[in-house]
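Undergrad: Sequence first, predicted model second:
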Amino acid sequence: MTRILQISDPHIGVAGQLLGGMIDTATALSRTVEWIARNLRAIGPIDAVIVTGDLVESGRPEEYAHFLRLIAPLPLPWFAIPGNHDNREVMREAFSHLHWMPDHGAINLHLQFDGLDVVALDSHVPGAGHGILGNGTLGFLDRALDTAGRRPVLVAVHHHPFRSGIRAMDALGLLAPEPLLARLAGHRAGAQLVCGHLHRAVTTVAAGVLCQSCPSPSHALALRLQPDQPLALMLEPGAIMLHCAEDGAIRSHLIPTAPAPGPIEPGA
């Protein structure tokens, strides 16, 4: 079995800074890292952690330095792709010491595990809120799918390639998702897609592909499904996701990381 943890949208600022003057994203990420370390015996072994974009709030070098300090206690290998709040080149420089960081171009990653390939794709568009997969990234995906052969594939991207029903966010999703979804639907061993960006857990089937979005560790987007409603943030409990591949199938678990009573064993 292969087990991949997903963290998305931590939005780390400079040390001591609260997002919007009220959201402590640093403490939320630290709490998430501590939860993972504390619960490894129950949910492990974990093969890797993928961070699906918006690592930081403004793409500044000091924010990436802060992110690295916060994630350093994580006792697992981790990888990351950029989101719309990131700066690809600043991120590349900040993470240049990490073996998986490409030295140029899109930050696309292909990770191979026992019975599962993870393909993480860079949808970042400098200065824009929406995402695009360029021809080079689609070519990278083609080669990764060919290499995966008869192994299932978990594709990770920041921007969602489906309609969530939150109109303002859907206008800022992945533009022209059809080439991506057609490739995944055609993978003979099966492919699923995970993303971030929405700050909520949303599950749907788009063009025959199972797609899921991962919440943020720190804050959510308000669930407003009427077309005239503006975006708003909610201080809902943070969460991560665990994706488990076994016998050719991928199962996903949504895991809240806020403190909670338990475990309470029946009869105890």
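TA: It's in.
Undergrad: Please, where are all the helices along the protein?
TA: For the chain, the helices defined by DSSP state H cover 25-43, 61-71, 88-94, 135-148, 167-170, 178-185.
Undergrad: can you pull the contacts of residue 239?
TA: Applying Cβ atoms under 8 Å, 6 or more residues apart in numbering, we find residue 239 in contact with 201, 214-217, 254-257. C-betas here are computed from N, CA, C, even on glycine.
Undergrad: rewinding a little: which one of the helices of the chain lies closest to residue 247?
TA: Among those, the nearest to residue 247 by Cβ to Cβ is helix 135-148 (16.2 Å).
Undergrad: For the closest one, name the packing helices and strands.
TA: Contacts defined by 3 or more Cβ pairs under 8 Å, 6 or more residues apart in numbering; DSSP states H and E place helix 135-148 against strand 109-113, strand 116-121, strand 153-157, helix 178-185.
Undergrad: got the angle for it vs strand 116-121?
TA: Orientation of helix 135-148 against strand 116-121 (axes from the mean of the first three to the mean of the last three Cα atoms, to 10 degrees) gives an angle of 180 degrees.
Undergrad: Can you point out the buried residues in helix 135-148?
TA: 137, 140-141, 144-145, 148 (16 or more other Cβ atoms under 10 Å).
Undergrad: can you list the helices of the chain in a markdown table and add distance to residue 119?
TA: Shown next, in a markdown table, are the helices of the chain (distance: least, Cβ to Cβ, whole Å):
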| stretch | distance to residue 119 |
| --- | --- |
| helix 25-43 | 23 |
| helix 61-71 | 22 |
| helix 88-94 | 18 |
| helix 135-148 | 5 |
| helix 167-170 | 24 |
| helix 178-185 | 9 |
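Undergrad: between those, which gets nearest to residue 235?
TA: When those are compared by Cβ to Cβ, helix 25-43 sits nearest residue 235, at 9.9 Å.
Undergrad: And that closest one, what does it pack against?
TA: strand 2-7, helix 61-71, strand 239-246.
Undergrad: Pull the residues that contact it.
TA: Residues outside helix 25-43 that contact it (Cβ under 8 Å, 6+ apart): 3, 5, 7, 10-13, 15, 18-19, 46, 49, 57, 66-67, 70-71, 73-76, 216-219, 238, 240, 242, 255, 257-258.
Undergrad: Now the buried members of the residues you listed.
TA: Among the contacts of helix 25-43, those buried by neighbour count (16+ other Cβ under 10 Å) are 3, 5, 7, 10-13, 19, 46, 49, 57, 66-67, 70-71, 74, 76, 216-219, 238, 240, 242, 255, 257.
Undergrad: about what we covered before: state the pair within the buried residues of helix 135-148 that is farthest apart.
TA: 137 and 148, at 16.2 Å, using Cβ to Cβ across the buried residues of helix 135-148.
Undergrad: for the protein, what are the low-confidence residue spans?
TA: The chain contains residues with pLDDT under 70 at 268.
Undergrad: Buried residues of stretch 219-235, list them for me.
TA: The neighbour-count check on stretch 219-235 (16+ other Cβ under 10 Å) flags 219-221, 224, 233 as buried.
Undergrad: Let me fix that, I meant to ask about stretch 165-185.
TA: 166, 169, 172-174, 177, 180-181, 183-184.
Undergrad: ok so, going back, what's the closest of the buried residues of helix 135-148 to residue 196?
TA: residue 137 (16.7 Å).
Undergrad: State whether the closest one and residue 121 are indeed in contact, as I suppose.
TA: Yes: between residue 137 and residue 121 there is a contact under Cβ atoms under 8 Å: 5.5 Å.
Undergrad: Now do the shared contacts for the two.
TA: Joint contacts of residue 137 and residue 121 (Cβ under 8 Å, 6+ apart) are 106, 108.
Undergrad: center of this structure, which residue is that?
TA: Centroid-nearest residue in the chain: residue 52, 2.5 Å away (criterion: Cα atoms, centre = their mean).
Undergrad: how much space is there between it and residue 178?
TA: Counting by Cβ to Cβ, to the nearest Å, the separation of residue 52 from residue 178 is 21 Å.
Undergrad: hang on, the earlier thing: quickly check the buried residues of stretch 165-185 for the two that are furthest apart.
TA: The largest separation in the buried residues of stretch 165-185, counting by Cβ to Cβ, is between 166 and 183 at 25.8 Å.
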